[in-house]
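K.L.:
Just to be clear, the model below is a prediction. Sequence and coordinates:
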Amino acid sequence: MSHRPRTRTVLSCGLLLVPLAVSTTACGGSASEPLSANPYDASDQISANTPTDGRQKADPDKPLEVSLKGHDSRITDVTATDTTGRYVRGELSADGRHWRTTVPLAAGSRYTVQVSTEQEDGTPGRKTLVVNTKDVAGQLTVKFGPESGEYGVGQPVTAELSQPITDPKARAVVESALKVDSSPRVEGSWHWVDAKKLHFRPRDYWPAHATIAVHSNLGGLKIAKGVYGGTAKPVRLTTGDRIEAVTDAAAHVMTVLRNGRAINSIPVTTGKPGFSTRNGVKVVLGKESFVRMRSSTVGIADGSSDAYDLPVHWATRVTWSGEYVHAAPWSVGSQGAANVSHGCTGMSTGNAEWFFNTVRVGDVVKVVNSGGDTMTPFDNGYGDWNMPWKDWRAGSALGNKAATTTGAAERGQNPAADARLRPQV
């Protein structure tokens, strides 16, 4: 007797076909049933819109389409996977004769496509296709920062793109492929600083002794027409103790805390009127045991009453425009009593050496009660923490889907950028 065609749930496309009636014998799985036989080679029944021999390469801008020749069989299932085992979504036509991908293919990738068929009498067929996609010239690469290593709990993660991305949909594709995994988990989000730069920070500082792994899934991913993602070097960061240095400019004292407990109280002097130290949270950018500080580099004319040219020891940088925490033996008489500097936080040589040896890059330096402006978020170092969390999240291209973690312009282009490396005392 002839058997009715069998129908199955098609996993690759999400379509659920209504099953036809089947006999008790078929459900019993008799060895004589066509479905229990080894699938035959369906090569002569399957065609594709792209080379499938693995030697020629397909255009990744075009969907992959698989069709069935003849009218005595149908496609029952198609699975397409890349070399990492990730599935490519697709859809099967209602008549079971055509299947196509519904998401873009990656450039420079290799796909294995398994097509299952069924003849009218239920005999199963199988065909495996190999599709290689072309590389493209318009690759978007990303460089993560900082370099792998140990940092303070205030260190943001940065991503620098090789070309600007302005379209909101393309930004969402890019952002969703930039992964930050931390242990312990935190609530965090990327924020688009400009068209080529993103920063990632938690809602609060990173936990002490956390591990942060940053990587990209952009490789081969279609971002926009003619633009595909390239590879990126992952980075792995760890944090140490939670070190916070809080300077009260009105009280002329810096309190240094480790994991919430005060470990030192240091008399300081901060910026005098006209040169007031910036309020707000800054992050240690680097440390220099010796630096020559000249007033001419920050726009103070030589020969004026505010001019200076000083050898400075134990200098911990907190802004690119030249704000440091450093030794200031010439102002010891004012430390703890008055603000006499040109914007830096000065202290005795012994205290500055202790501070230099206690903090690391990424540690938090906060100033309160100064007459200065508040530290800006992005153009003079890492002022990211001065932006309210609601505003930070608004800078994500993913909106409410902005991620929690799982487990400035070039020099010479504007005055703010030109201020990099200029020390002020």
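P.N.:
All right, it came through fine.

K.L.:
was I right about Val180 contacting Ile212?
P.N.:
Yes: counting by C-beta atoms under 8 Å, Val180 touches Ile212, with 6.6 Å between them. Any C-beta I mention is one placed from the backbone N, CA and C, and that applies to glycine too.

K.L.:
For Arg236, give me its contacts.
P.N.:
Listed by C-beta atoms under 8 Å, 6 or more residues apart in numbering, the contact partners of Arg236 are 148, 211-214.

K.L.:
buried subset of these?
P.N.:
Neighbour-count burial (16 or more other C-beta atoms under 10 Å) applied to the contacts of Arg236 gives 212-214.

K.L.:
Per-residue pLDDT of the residue most central in space within the chain, please?
P.N.:
Centroid-nearest residue in the chain: Leu178, 3.8 Å away (criterion: C-alpha atoms, centre = their mean). Leu178 carries a pLDDT value of 97.

K.L.:
give the contact list for it.
P.N.:
142, 159, 190, 198, 200, 214, 216-218.

K.L.:
same question for the strand or helix carrying Asn357, mean pLDDT?
P.N.:
Secondary-structure element containing Asn357, defined by DSSP states H and E: helix 349-358. Confidence for helix 349-358, expressed as mean pLDDT, is 98.

K.L.:
list the buried ones in it?
P.N.:
Buried-residue list, helix 349-358, by 16+ other C-beta under 10 Å: 351-352, 354-356, 358.

K.L.:
Helices of the chain, residue ranges please.
P.N.:
24-27, 168-177, 349-358, 389-394, 415-418 (DSSP state H).

K.L.:
mind giving me TSV with these and columns for distance to His342?
P.N.:
Shown next, in TSV, are the helices of the chain (distance: least, C-beta to C-beta, whole Å):
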stretch	distance to His342
helix 24-27	88
helix 168-177	40
helix 349-358	16
helix 389-394	31
helix 415-418	18
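
K.L.:
Ser43: which of the buried residues of helix 349-358 is nearest?
P.N.:
Lowest distance from Ser43 to the buried residues of helix 349-358 (C-beta to C-beta) belongs to Thr358, with 70.4 Å.

K.L.:
Can you give the distance of stretch 105-120 from its chain's centre?
P.N.:
31 Å (C-alpha atoms, centre = their mean, to the nearest Å).

K.L.:
again with stretch 327-334
P.N.:
With C-alpha atoms, centre = their mean, you get 43 Å for stretch 327-334.

K.L.:
Give me the contact list for it.
P.N.:
Contacts for stretch 327-334 (C-beta under 8 Å, 6+ apart): 269, 310, 312-315, 335, 340-341, 344, 346-349, 351-353, 425.

K.L.:
make it 10 Å
P.N.:
The set of residues external to stretch 327-334 that reach it, using C-beta atoms under 10 Å, 6 or more residues apart in numbering, is 252, 267-269, 272, 290, 308, 310-315, 335, 337-341, 344-353, 355-356, 425.

K.L.:
From what I see, Gln155 and Glu147 are in contact.
P.N.:
No: using C-beta atoms under 10 Å, Gln155 is not in contact with Glu147, being 11.1 Å away.

K.L.:
Overlap in contacts, the two.
P.N.:
Leu237.

K.L.:
okay, the two: which has more neighbours?
P.N.:
Gln155 (27 against 10; other C-beta atoms under 10 Å).

K.L.:
Would you check how far apart the closest residue to the more buried one other than its chain neighbours and Ala195 are?
P.N.:
Spatial nearest neighbour of Gln155, chain neighbours left out: Gly362 (3.1 Å); criterion: C-beta to C-beta, 6 or more residues apart in numbering. As judged by C-beta to C-beta, to the nearest Å, Gly362 and Ala195 stand 26 Å apart.

K.L.:
try Val291
P.N.:
The value you get for Val291 to Ala195, if C-beta to C-beta is used, is 34 Å.

K.L.:
neighbour count winner among those two?
P.N.:
With neighbours defined as other C-beta under 10 Å, Val291 and Ala195 compare such that Val291 has more, 19 against 12.

K.L.:
Nearest to Gly70 among the buried residues of helix 349-358?
P.N.:
Nearest member of the buried residues of helix 349-358 to Gly70, counting by C-beta to C-beta, is Thr358, at 77.8 Å.

K.L.:
Enumerate every residue touching that closest one.
P.N.:
241, 243, 245, 256, 258, 263-264, 316.

K.L.:
residues making contact with stretch 82-94?
P.N.:
10-15, 17, 63-68, 74-81, 98-106, 109-113, 131, 133, 217, 219-220.

K.L.:
Check stretch 131-138 too.
P.N.:
Against stretch 131-138 from outside (C-beta under 10 Å, 6+ apart): 48, 50-62, 64, 80, 82, 88, 101, 104-113, 163, 220, 222-228, 230.

K.L.:
let's see it at 8 Å
P.N.:
So stretch 131-138 is contacted by 48, 50-52, 54-60, 64, 80, 105-111, 113, 220, 226-228 (C-beta under 8 Å, 6+ apart).

K.L.:
now could you export just the CA positions of that stretch as PDB?
P.N.:
This file holds the C-alpha atoms of stretch 131-138, laid out as PDB (Å, rounded to 0.1, in the frame of the first residue of the first chain):
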ATOM      1  CA  VAL A 131      29.000  27.700   1.600                       C
ATOM      2  CA  ASN A 132      32.000  30.000   1.900                       C
ATOM      3  CA  THR A 133      31.400  33.700   1.900                       C
ATOM      4  CA  LYS A 134      33.600  36.400   0.400                       C
ATOM      5  CA  ASP A 135      35.800  38.700   2.400                       C
ATOM      6  CA  VAL A 136      35.000  42.400   2.100                       C
ATOM      7  CA  ALA A 137      37.100  45.500   2.000                       C
ATOM      8  CA  GLY A 138      34.900  47.600   4.300                       C
END
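
K.L.:
What residues are bridge-paired with Val131?
P.N.:
Tyr111 (DSSP bridges).

K.L.:
what number of residues lie near it?
P.N.:
Neighbour tally, Val131, other C-beta under 10 Å: 25.

K.L.:
how close does it get to Val78?
P.N.:
12 Å.

K.L.:
Can you check which residues contact both of these two?
P.N.:
Common neighbours of Val131 and Val78 (C-beta under 8 Å, 6+ apart) are Val113.

K.L.:
re the thing from before, output the contacts of Leu178 in CSV; the columns should cover pLDDT and distance to Ser321.
P.N.:
Output for the contacts of Leu178, formatted as CSV (pLDDT from 0 to 100; distance: C-beta to C-beta, whole Å):
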residue, pLDDT, distance to Ser321
Val142, 97, 27
Ala159, 98, 24
Trp190, 97, 26
Leu198, 98, 23
Phe200, 98, 24
Val214, 98, 27
Ser216, 96, 31
Asn217, 94, 36
Leu218, 93, 33
